[in-house]
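>>> Curious how this folds, go ahead:
(one chain, ligands or ions: 2)
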Amino acid sequence: MAFFNHLARRSFAQSAAMANAIKNVTVIGSGLMGSGIAQVAAQTGHNVTMVDIDPVAVEKAQKRIGASIARVAKKKFGEGDDAAKFMNESMSHLKTSTDAVASVESADLVVEAIVENLKVKKELFSKLDGAAPAHTIFASNTSSIPIAKIAEATSRLDRFGGLHFFNPVPVMKLLEVVRIPETSDGTYEAMKGWGKAMGKVTVECKDTPGFIVNRLLVPYMFEAVRLVERGEASPRDVDTAMKLGAGHPMGPFELMDYVGLDTGKFIIDGWHADYPDEEIFKPSPMLEKLVADGKLGVKSGEGFYSYKK
Ligand SMILES: CCCCCCCCCCCCCC(=O)CC(=O)SCCNC(=O)CCNC(=O)[C@H](O)C(C)(C)COP(=O)(O)OP(=O)(O)OC[C@H]1O[C@@H](n2cnc3c(N)ncnc32)[C@H](O)[C@@H]1OP(=O)(O)O
Ligand SMILES: NC(=O)C1=CN([C@@H]2O[C@H](COP(=O)(O)OP(=O)(O)OC[C@H]3O[C@@H](n4cnc5c(N)ncnc54)[C@H](O)[C@@H]3O)[C@@H](O)[C@H]2O)C=CC1
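Residues are numbered from 1 along each chain as shown. Ligands and ions are numbered 1, 2, ... in the order given. Modelled structure (predicted):
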């Protein structure tokens, strides 16, 4: 028994050491999720470079992070010097860039949170694979795309995994840590250890569609839209019913607006392509029209609901 305890202690020590080795974190994508991941990494003392292809998105992200850190600081320290110190220290750990290749030169970990599109994600990782140091771990924050399909664009399958955060990242405690068959034990332990260093509760996931939460959440959200499309209830009543009847903090339509209808469409289109006979994944006329009209939810000021001030 002592031998196995020794092994367990050594494995824990190894993962702690590997997680501690993750100091320089590059986050690619400064949207809803990338900005949240970058913020929490900066708040927890990592050296963070947040990258986006769109300089305007970087600027918006910095404003979003500033406002969010202020809420976190107020919640942790109230008003006053400690709150200001926390905010200043966190922001001092955060750099921004629009040059993805340069941003990974000294990265220990790269977390990708760009558009939910397999081709674009593969193009990005293929480009970064030749620029990042050999030891750098690559991870995707994808909601629905198989990690293995993304990883095949690189030569570092043993140092590739999924780190699936939840929105809003500064608040949601869960982190799904996904491995592909080639992910080394050291990489997996380092990703789980880093998740804990980020203040998250990690769960272990295999590379299956939607991992754990989205495998259950997305069909539920799909059914909510179908129910409204069949004229059986209004979005507002469905949301009220799920908040008061099931204790959810947000109803499905509020949540879809919150996560972004463009991301929702990317997910449903991807799963419909992969599972063409699954009725539930067939395109939604309601969602198609909203996205075609640029109504993407909170991020655009209107989705199922209007958010214009
Ligand atoms: C047929 C077609 C169908 C197509 C549809 C398909 C859709 C598929 C979508 C799939 C989803 C993909 C997404 C994904 O991969 C995984 C996810 O992320 S799923 C989403 C998970 N998140 C949730 O479920 C969020 C649920 N909502 C909440 O928890 C709360 O509403 C929320 C915390 C967002 C807000 O809380 P609330 O009480 O309502 O308001 P407050 O503003 O008071 O906030 C409470 C508390 O939290 C702090 N806080 C809130 N936001 C932030 C922030 N951004 N930064 C920092 N802090 C924040 C705030 O300070 C409050 O703290 P106090 O102590 O009260 O001050
Ligand atoms: N929105 C949500 O609630 C959640 C989303 N996710 C996943 O996170 C990823 C990002 O989602 P969001 O943050 O919501 O999207 P978003 O649309 O808010 O942000 C995506 C960002 O990526 C940038 N981008 C696109 N292509 C790029 C490239 N080649 N290089 C650099 N930057 C690029 C865009 O300019 C944009 O700022 C997706 O894979 C999504 O499935 C995961 C969990 C929750």
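
>>> got the residue ranges for the helices in the stretch 201-309 of the chain?
Applying DSSP state H, counting those that start in this stretch to the stretch 201-309 of the chain gives helices spanning 213-229, 235-246, 252-259, 261-274, 285-292.

>>> can you check the stretch 51-200 of the chain too?
Using DSSP H, counting those that start in this stretch, helices in the stretch 51-200 of the chain cover 55-77, 81-92, 100-103, 118-129, 147-151, 185-197.

>>> Adding mean neighbour count, write the helices of the stretch 201-309 of the chain out as a markdown table.
Placement of C-beta: from N, CA and C, glycine included. Formatted as a markdown table, these follow (neighbours: other Cβ atoms under 10 Å):
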| stretch | mean neighbour count |
| --- | --- |
| helix 213-229 | 17 |
| helix 235-246 | 15 |
| helix 252-259 | 22 |
| helix 261-274 | 20 |
| helix 285-292 | 16 |
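
>>> right, and the helices of the stretch 51-200 of the chain - which one's nearest ligand 1?
Nearest of these to ligand 1, taken as Cβ to the nearest ligand atom: helix 55-77 at 3.6 Å.

>>> Using CSV, list the CA coordinates for the closest one.
Output in CSV follows, covering the C-alpha atoms of helix 55-77 (Å, rounded to 0.1, in the frame of the first residue of the first chain):
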residue,chain,number,x,y,z
PRO,A,55,-8.0,45.3,-32.8
VAL,A,56,-11.5,46.7,-32.0
ALA,A,57,-12.3,43.4,-30.2
VAL,A,58,-9.1,43.8,-28.1
GLU,A,59,-10.2,47.3,-27.1
LYS,A,60,-13.7,46.1,-26.2
ALA,A,61,-12.2,43.2,-24.2
GLN,A,62,-10.0,45.5,-22.1
LYS,A,63,-13.1,47.6,-21.2
ARG,A,64,-15.0,44.4,-20.4
ILE,A,65,-12.2,43.1,-18.2
GLY,A,66,-11.8,46.4,-16.4
ALA,A,67,-15.5,46.4,-15.5
SER,A,68,-15.5,42.8,-14.5
ILE,A,69,-12.3,43.1,-12.4
ALA,A,70,-14.0,46.0,-10.6
ARG,A,71,-17.0,43.7,-9.7
VAL,A,72,-14.6,41.0,-8.5
ALA,A,73,-12.5,43.4,-6.5
LYS,A,74,-15.6,45.0,-4.9
LYS,A,75,-16.9,41.5,-4.0
LYS,A,76,-13.6,40.4,-2.5
PHE,A,77,-12.4,43.6,-0.8
